[in-house]
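> build me a model:
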Amino acid sequence: MRVSLQPCYILHSRPYRNTSKLLEVFSRDYGRCTLVARGARKNQSKNQSAILLFVPLLVSWQGGGEVQTLISVESQKHQASISTARLLSGFYLNELLMRLLPRADAHPPLYELYEQTLIQIALNPNEESVLRNFEFHILRELGYGLMLSHEADSGQPVAEDKLYCYDMEQGPIRADTGFDNGVMIHGKTLLALSNGELDDPQVLKEAKILMRAALASHLGGKPLRSRELYIQQKQLLKINHIEA
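Okay, here's the model as predicted:
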């Protein structure tokens with residue numbers, strides 16, 4: 001099989017043998033693929049400078065099996081660059097895709113979501129809300145969507161002023177029923193997450209707890225490396241602030 005000039009993003013790159021690289025690529029029409037870029041670590045390699053994260057690319061490859069051979073990489077279009085301060089958010093998106101998306105499973109809407117999320121990370125001052133929206137939509141696109149608008153047991157619309165216990169197998173159940181097996185969360189937060197309106201700090205805090213629990217059930221027991229790095233970064237900034 002040969003694929004020519006496919007819109008792609010590179011999710012991860014690592015050394016392979018003496019001079020090559022293994023690339024995890026997220027393509028629009030072929031899903032997640034693993035490509036070997038032969039000789040890409042040589043200074044004179046024509047593909048070396050083009051193998052960049054968070055940059056829209058046109059990629060060509062050929063072969064069969066799980067690992068195929070990169071032919072060429074070229075820039076597709078200009079896109080707002082992610083600042084150094086927000087690179088960890090980009091790494092987080094990439095890690096989620098690598099952990100949740102099966103190989104060779106095409107999701108064009110998810111590709112568009114990823115592309116738009118990278119732009120929002122670069123431009124939107126509310127970085128946290130961008131990440132929560134991505135988490136919510138990637139789960140929905142992969143068939144693991146959360147029930148947010150109706151109560152799981154009664155089928156009644158979620159009430160903004162009520163407190164719920166969110167069970168990952170069922171959905172939101174009002175806390176005043178005595179049910180307590182899940183994440184405690186207000187109806188206001190459930191509706192805000194459903195509508196993508198996460199400007200309120202308390203809503204954003206509750207949404208983060210809910211989405212972390214929802215993702216955990218699909219990530220297995222292995223922690224996300226990007227999340228660990230984010231925690232380490234916050235601790236380092238706190239130490240530096242105290243010392244200053």
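
> okay, CA-based contacts and neighbour counts for the rest of this
OK.

> for this structure, which element, helix or strand, carries the lowest mean pLDDT?
With mean pLDDT, DSSP states H and E as the measure, the helix or strand of the chain carrying the lowest mean pLDDT is helix 225-243 (a mean of 62).

> how about residue 42: what's its closest non-neighbour residue?
Nearest residue to residue 42 in three dimensions, chain neighbours excluded: residue 19, at 6.1 Å (Cα to Cα, 6 or more residues apart in numbering).

> in this protein, which spans are helices?
Ranges of helices in the chain, per DSSP state H, are 87-100, 108-123, 127-141, 187-195, 201-219, 225-243.

> what residues does the top strand by length along the chain touch?
For the chain, the longest strand by residue count, based on DSSP state E, is strand 2-16. With contacts defined as Cα atoms under 8 Å, 6 or more residues apart in numbering, strand 2-16 is touched by 21-29, 36, 41, 51-63, 76, 94-95, 98.

> if we use 6 Å, what do you get?
Residues outside strand 2-16 that contact it (Cα atoms under 6 Å, 6 or more residues apart in numbering): 21-28, 53, 56-62, 94.

> using CSV, list the CA coordinates for that strand.
What follows is strand 2-16, C-alpha atoms only, in CSV (Å, rounded to 0.1, in the frame of the first residue of the first chain):
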residue,chain,number,x,y,z
ARG,A,2,1.2,3.5,-0.8
VAL,A,3,-0.3,6.7,0.7
SER,A,4,0.5,10.0,-0.8
LEU,A,5,0.3,13.5,0.8
GLN,A,6,-2.0,12.5,3.7
PRO,A,7,-2.8,15.3,6.2
CYS,A,8,-1.1,14.2,9.5
TYR,A,9,0.3,15.3,12.8
ILE,A,10,3.3,13.6,14.5
LEU,A,11,2.3,12.5,18.0
HIS,A,12,5.7,11.0,19.1
SER,A,13,9.1,10.4,17.7
ARG,A,14,11.9,8.2,19.1
PRO,A,15,15.3,6.9,17.9
TYR,A,16,15.3,3.6,16.0
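
> how far does it sit from the chain's center?
Centre-to-centre, strand 2-16 and its host chain are 17 Å apart (Cα atoms, centre = their mean, to the nearest Å).

> so which bits of it are buried?
By neighbour count on 16 or more other Cα atoms under 10 Å, the buried set for strand 2-16 is 6, 7, 8, 9, 10, 11, 12, 13, 16.

> now the residue nearest to residue 137 when sequence neighbours are not counted: how far from residue 62?
Excluding its sequence neighbours, the residue lying closest to residue 137 (Cα to Cα, 6+ apart) is residue 145, at 7.6 Å. Going from residue 145 to residue 62 by Cα to Cα, to the nearest Å gives 34 Å.

> again, but for residue 123
According to Cα to Cα, residue 123 stands 36 Å off from residue 62.

> same question, residue 41
Distance from residue 41 to residue 62, by Cα to Cα: 20 Å.

> and what of residue 150?
Plainly put, residue 150 is 47 Å away from residue 62 if you go by Cα to Cα.

> between the two, which one's more packed in?
Ranked by neighbour count (other Cα atoms under 10 Å), residue 150 and residue 62 place residue 150 first, with 18 against 14.
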